[in-house]
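Undergrad: structure here, sequence nowhere to be found:
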């Protein structure tokens, strides 16, 4: 499995997908840190400056900037990760690749986890660069510890892991990168709709439709709620409910288990 994992990372770099993600993840915080500076006053208050314009105290600016990073991560960066990693979940199922990998005596579930783990590791590495570098810089210059922020980033990592697990499961049925990308995008959109499903009940008054929506919500990952938890924890330091976290983690385990079973039964 370790060899498959490393080969997945190498393939991502060979296809330029990994290089693009790594390059952009480094450029964004570099540009951000170039534009932001901090200066301490005589009374010890640290002020924040953006484009040489004072934007307030560091205690006000840093949480706002980190919240913006979380929003960008779950928006632009999650979508870029879906585009970049979708091919990694399908190429090993192609005729030549499958004959090569599955004839080596490696268990199919290990091949699956190696590919999934490689894609997830690539996204996690870029996430740490994109979000971690500014957070550590702010910490060094202002003394504002990034512990809450990193827990929020971990929740967003779980959000992406759940989308990736759904894509891996879809690949067992239709190994097409374009289909996987559509499924990943739709999951993020559906998650947002289901989180607000009660407002849709007025339009869908049939009890069986509401029952179905409730169960789909319970089963699918809670990407929308995970973002809300991350932002709220960054601001308040409290988490009212862990439901979105553990239910999404259960989905990842279930989707990967079902994917492994389907791959085991799949005939190439």
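TA: Nice, thanks for sending it over. Computed from a predicted structure; not experimentally measured.
Undergrad: okay but residue 159 is in contact with residue 81, surely?
TA: No: counting by Cβ atoms under 8 Å, residue 159 sits too far from residue 81 to count as a contact (10.5 Å). C-beta: built from backbone N, CA, C; applies to glycine.
Undergrad: who touches the residue located most distally from the centre of the chain in this structure?
TA: Here the chain reaches farthest from its C-alpha mean at residue 42, the gap being 41.9 Å by Cα atoms, centre = their mean. The contact partners of residue 42, by Cβ atoms under 8 Å, 6 or more residues apart in numbering, come to none.
Undergrad: mind starting the numbering at 16 from now?
TA: Shifting the count to begin at 16 puts that one at residue 57.
Undergrad: if I look at it, how far off is residue 63?
TA: Going from residue 57 to residue 63 by Cβ to Cβ, to the nearest Å gives 17 Å.
Undergrad: the stretch 66-215 of the chain: helices as residue ranges?
TA: Along the stretch 66-215 of the chain, counting by DSSP state H, counting those that start in this stretch, helices occupy 73-87, 93-100, 110-117, 123-142, 148-157, 162-186, 192-210.
Undergrad: to residue 257, which of the ones you listed lies closest?
TA: helix 162-186 (10.3 Å; Cβ to Cβ).
Undergrad: that closest one to helix 93-100, inter-axis angle?
TA: 40 degrees (axes from the mean of the first three to the mean of the last three Cα atoms, to 10 degrees).
Undergrad: still on that earlier bit, who has more neighbours, residue 174 and residue 96?
TA: Ranked by neighbour count (other Cβ atoms under 10 Å), residue 174 and residue 96 place residue 174 first, with 28 against 24.
Undergrad: ok, the more buried one - contacts?
TA: So residue 174 contacts 89, 93, 236, 238, 241-242, 263 (Cβ under 8 Å, 6+ apart).
Undergrad: and the residues you listed as TSV, adding distance to residue 131, pLDDT and secondary structure?
TA: Formatted as TSV, the contacts of residue 174 follow (distance: Cβ to Cβ, whole Å; pLDDT from 0 to 100; DSSP: H, G, I helix; E, B strand; the rest coil):
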residue	distance to residue 131	pLDDT	secondary structure
89	20	78	helix
93	16	84	helix
236	15	93	coil
238	18	91	helix
241	19	92	helix
242	22	88	helix
263	15	95	helix
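Undergrad: nearest to residue 273 among these?
TA: After measuring these against residue 273 - Cβ to Cβ - the closest member comes out as residue 236, at 14.2 Å.
Undergrad: count the neighbours of the residue lying closest to that closest one once chain neighbours are set aside for me.
TA: Leaving aside its chain neighbours, residue 236 sits nearest to residue 177 (3.4 Å; criterion: Cβ to Cβ, 6 or more residues apart in numbering). A total of 24 residues lie near residue 177 under the criterion other Cβ under 10 Å.
Undergrad: pretty sure residue 177 is touching residue 268, no?
TA: No: using Cβ under 8 Å, residue 177 makes no contact with residue 268, being 10.2 Å away.
Undergrad: if we can go back for a sec, tell me the secondary structure at the residue farthest from the centre of the chain.
TA: coil (DSSP: H, G, I helix; E, B strand; the rest coil).
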